[in-house]
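Participant: coordinates for the following, if possible.
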Amino acid sequence: MRIVLLGAPGSGKGTQAKLLLEKYKIPQVSTGDLLRAAVSQGTELGKKAKAVMDRGELVPDDIVLGMIQERLAAPDARTGFILDGFPRNIPQAQALDALLARLAQPLQLSLLIDVDQEVLLKRLTGRRTCVACGQMYNVYFSPPEIAGKCDKCGSPLQQRSDDNESTIRNRLQIYEAQTAPLVAYYKAQGKLRTVRGVGSINEIFKAVSDIVEAQVRPFGVAVVRPATPKPEVKPRTVPSAGRRETIGSAPGESAGALSAPKKKVAPKKKAAAKKKVVPKKKPAAKKKVAPKKKAAAKKKVVPKKKAAAKKKTPPKRKAAPKKPKKAVSKKKAGNSKKKRR
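Facilitator: As a prediction, this is how the structure comes out:
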């Protein structure tokens with residue numbers, strides 16, 4: 001379960017992150033907390049960050065990313081994390097994606113808690129924090145039972161020095177200019193979901209939990225499934241000369257009991273029997289029915305009948321009556337000669 005919480009200052013990201021931590025037992029990773037802890041502990045990155053902050057400059061992204069990487073390597077972050085307060089702009093989001101890709105822990109959800117600006121002003125100017133346990137209140141929406149005292153431990157409440165209207169309006173303008181484009185960035189990746197951050201804390205958390213259950217849980221199941229089918233693959237038999245042995249059996253024991261039934265049902269013998277029967281019968285049947293004899297019978301019958309029909313009507317009988325005509329013509333010629341004489 002790997003989540004990034006987005007929202008303007010006062011939207012309730014920190015409150016919802018703590019509730020998610022309690023329900024799903026995954027750590028909340030806040031860059032502000034990381035910086036303060038690194039500086040107080042005097043780590044290598046903490047020393048670099050302190051030197052930058054002492055000059056009044058913003059801590060570079062590479063230092064912040066290094067702290068995030070160290071935090072995600074902790075045992076409690078193996079099942080997931082909730083990033084709160086980072087990234088704040090597009091370059092930071094791109095650098096975070098590259099880091100999580102190297103760690104094989106890509107983000108699964110970017111959750112935006114959307115609140116109108118006027119509501120944000122009241123939330124920020126009216127919030128109070130317990131100095132002992134960190135419990136948060138708001139003089140407009142969720143005031144304590146006793147003004148100025150924590151309901152849980154009775155410790156005094158305090159207001160942050162930067163929770164004044166002019167400072168808050170400036171912070172909201174910075175958010176709109178730099179952080180709001182992250183909404184389009186994660187929307188393009190198909191990871192953005194939005195919750196309307198208005199109502200009671202429990203109502204908002206119910207909406208947040210419903211989105212987390214629908215969006216994140218399926219990814220978690222899909223990551224675990226590919227590891228299960230590996231034991232089912234059984235390329236465990238090793239062929240040896242004359243026998244087969246299985247890996248994992250006692251030394252000297254063979255798998256003869258398993259290989260014996262395979263030798264009785266040999267597929268090679270069946271294939272050999274088919275090859276002997278099939279080719280001999282088919283060509284013998286073709287030789288008996290020879291097409292040449294039929295052609296010979298046709299040649300003997302057809303020409304004899306046609307020739308007999310021609311002999312029955314001979315052309316000589318038609319020419320017979322022409323002979324007397326020629327004879328008559330000769331006699332007429334002889335008579336004509338006698339008359340001339």
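
Participant: where in the stretch 151-300 of the chain is pLDDT low?
Facilitator: Per-residue confidence for the stretch 151-300 of the chain (pLDDT under 70) gives these ranges: 217-300.

Participant: secondary structure element holding Ser209?
Facilitator: Element membership for Ser209, per DSSP states H and E: helix 201-215.

Participant: residues contacting that helix, please?
Facilitator: By C-beta atoms under 8 Å, 6 or more residues apart in numbering, the surrounding residues in contact with helix 201-215 are 1, 3, 12, 15-16, 19-20, 23-24, 108-109, 111, 113, 142, 193, 195-198. From N, CA and C alone the C-beta is placed, and that goes for glycine too.

Participant: next, the buried residues of that helix.
Facilitator: Neighbour counts over helix 201-215 (16 or more other C-beta atoms under 10 Å) mark 204-205, 207-209, 212, 215 as buried.

Participant: what does stretch 124-134 give?
Facilitator: Residues of stretch 124-134 classed as buried by neighbour count (16+ other C-beta under 10 Å): 124-130.

Participant: okay if I get those residues as a markdown table plus pLDDT?
Facilitator: Compiled in a markdown table, the buried residues of stretch 124-134 are given as follows (pLDDT from 0 to 100):
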| residue | pLDDT |
| --- | --- |
| Leu124 | 86 |
| Thr125 | 88 |
| Gly126 | 90 |
| Arg127 | 85 |
| Arg128 | 91 |
| Thr129 | 92 |
| Cys130 | 94 |
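
Participant: from these, which land in strands?
Facilitator: For these, the ones inside strands are 127-130, with DSSP state E as the criterion.

Participant: in those, find the pair that's most separated.
Facilitator: Arg127 and Cys130 (11.4 Å; C-beta to C-beta).

Participant: anything in contact with each of those two?
Facilitator: Applying C-beta under 8 Å, 6+ apart, one finds that Arg127 and Cys130 are jointly contacted by 136-137.

Participant: and Arg171, what helix or strand is that in?
Facilitator: Per DSSP H and E, Arg171 falls inside helix 165-174.

Participant: just checking, what packs against that helix?
Facilitator: When contacts are defined as 3 or more C-beta pairs under 8 Å, 6 or more residues apart in numbering; DSSP states H and E, helix 165-174 packs onto helix 117-126.

Participant: the helix it packs on vs helix 165-174, what angle?
Facilitator: Relative orientation of helix 117-126 versus helix 165-174 (axes from the mean of the first three to the mean of the last three C-alpha atoms, to 10 degrees): 130 degrees.

Participant: list the buried ones in helix 117-126?
Facilitator: 119-121, 123-126.
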